[in-house]
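*Asks:* A predicted structure for the sequence below; I have some questions about it.
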Amino acid sequence: MQTILAIESSCDETAAAVVRGGNEVLSSVIYSQVPLHQPYGGVVPEIASRSHIEKIRSIVEQALAEAFPGEADPWSRIDAIAATRGPGLAASLLVGWSAAKGLALAAGKPLLPIHHIHAHLHSVYLDQPLPPQPDDYPQLALAVSGGHTCILAAKQPHAWKLLGQTIDDAAGEALDKAAKLLNLGYPGGPVIDKRAKVIPVAQRKTIPFPQGRLTEDHPLPPGLSADLCLSFSGLKTSLLTYVQKHPPQNDADIDQICACYQEAVVDALVKRLDKALQRNTYKTLAVGGGVSLNSRLRERLATLAQKHQVKLLLASPKYCGDNAAMIAGLAAVGGAHACENALALDIDPSMEL
Ligand code: KG4
Ligand code: ZN
């Protein structure tokens, strides 16, 4: 059973973790840079990169100390070092990947490159029993965060095939941009979730936000079908138009807008998953990424899973956002990219699925 130390620094969280056997999280330390980016209403790459550099060493040391309290030589307990190689912000990835290279060289341990989105999908197994492999497959999966919105399918572990994705903004980005427009602060997902909850579904107004559908003739990469892809950029524009025509007068108006906007985002995701579940038989539906914290999305996913008789696998809230436990866990179950010499590899900010 492998014990892996991992680093994650693809965006605005500096994280390190130690995981044994793919699912037993011995430590998971996350330093969130949210307060640093809040004044700008979004992640500023230069600030993110500098903060990663400042924090990475102490975060790794803390992860090791928490995993092996009182151990004189915690490095002797580590079999390999994993890190996110992509996708993500180049200046952020570079810090974690370079640190992992340095540690691997110094400690004489193998270096394992990990795909960030694959790791989000592994997060559903952290602190949970790993399945006897055939039980969870075929699996349909949704990775939904501030940077990504992808629908994937796998017939067996790690054999991911991309079925659909956003062609512009990610779902979390659509929520963050809406919150910025409504002056609700950053990040937008949690605040929109909270405000939407105030309005019971039955009391919701109908604001006609678009569903992000693509026409059949929209150019897409090979293998992707238009009806499993999404577009969120029109949604943000329609919010701007709506707010210009109907400026919110009070908190209740803002709650209504949040509820309708969030429903449009959630509905777009659930409809694509519904289509994919109609098309093929799956045993499980795995959902990971920061937006999977959304309470309305969780509700709608539960109903969808029941309708199609699939088991819903959701990450525990502490592993939904960016964390290094998902990187270490995936590495421990053989999910790293096969390569001859990882030390010779550079980061890959737009790493393909
Ligand atoms: O996975 P994550 O931490 O980082 C990325 O890889 O992007 O996801 C961050 C995203 C942000 O867009 C944030 O607004 C969104 O997750 N988010 C939520 C909620 N909590 C975080 N979106 C909707 N509802 C939430 N409760
Ligand atoms: Zn992420």
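*Replies:* Alright, I've got the coordinates. Ligands and ions are numbered 1, 2, ... in the order given.

*Asks:* element containing residue 35?
*Replies:* Counting by DSSP states H and E, the element that carries residue 35 is helix 34-37.

*Asks:* Let me see the mean pLDDT of the helix or strand just after that helix.
*Replies:* Per DSSP H and E, the first helix or strand lying C-terminal to helix 34-37 is helix 45-67. Mean pLDDT, computed over helix 45-67, is 97.

*Asks:* Helix 45-67 near ligand 1 anywhere?
*Replies:* No: for helix 45-67, no contact with ligand 1 is found by Cβ under 6 Å from any ligand atom; the gap never falls below 11.7 Å. Heads up, the C-betas are built off the backbone N, CA and C, glycines and all.

*Asks:* So is the helix or strand following that helix next to ligand 2?
*Replies:* Toward the C-terminal end, the helix or strand that comes next after helix 45-67 (DSSP H and E) is strand 80-86. No: if you take Cβ under 5 Å from the ion as the test, strand 80-86 misses ligand 2, and the best it gets is 8.8 Å.

*Asks:* try stretch 346-353
*Replies:* No: interface with ligand 2: stretch 346-353 contributes nothing (Cβ under 5 Å from the ion), its closest point being 12.5 Å away.

*Asks:* and that stretch, does that touch ligand 1?
*Replies:* No: against ligand 1, stretch 346-353 shows no contacts by Cβ under 6 Å from any ligand atom, the least distance being 13.0 Å.

*Asks:* tell me what the helix holding residue 35 is packed against?
*Replies:* helix 45-67 (3 or more Cβ pairs under 8 Å, 6 or more residues apart in numbering; DSSP states H and E).

*Asks:* The helix it packs on vs strand 80-86, what angle?
*Replies:* Taking axes from the mean of the first three to the mean of the last three Cα atoms, to 10 degrees, one finds helix 45-67 and strand 80-86 inclined to each other by 160 degrees.

*Asks:* Quick check: the gap between residue 125 and ligand 1.
*Replies:* Per Cβ to the nearest ligand atom, to the nearest Å, residue 125 is found 17 Å from ligand 1.
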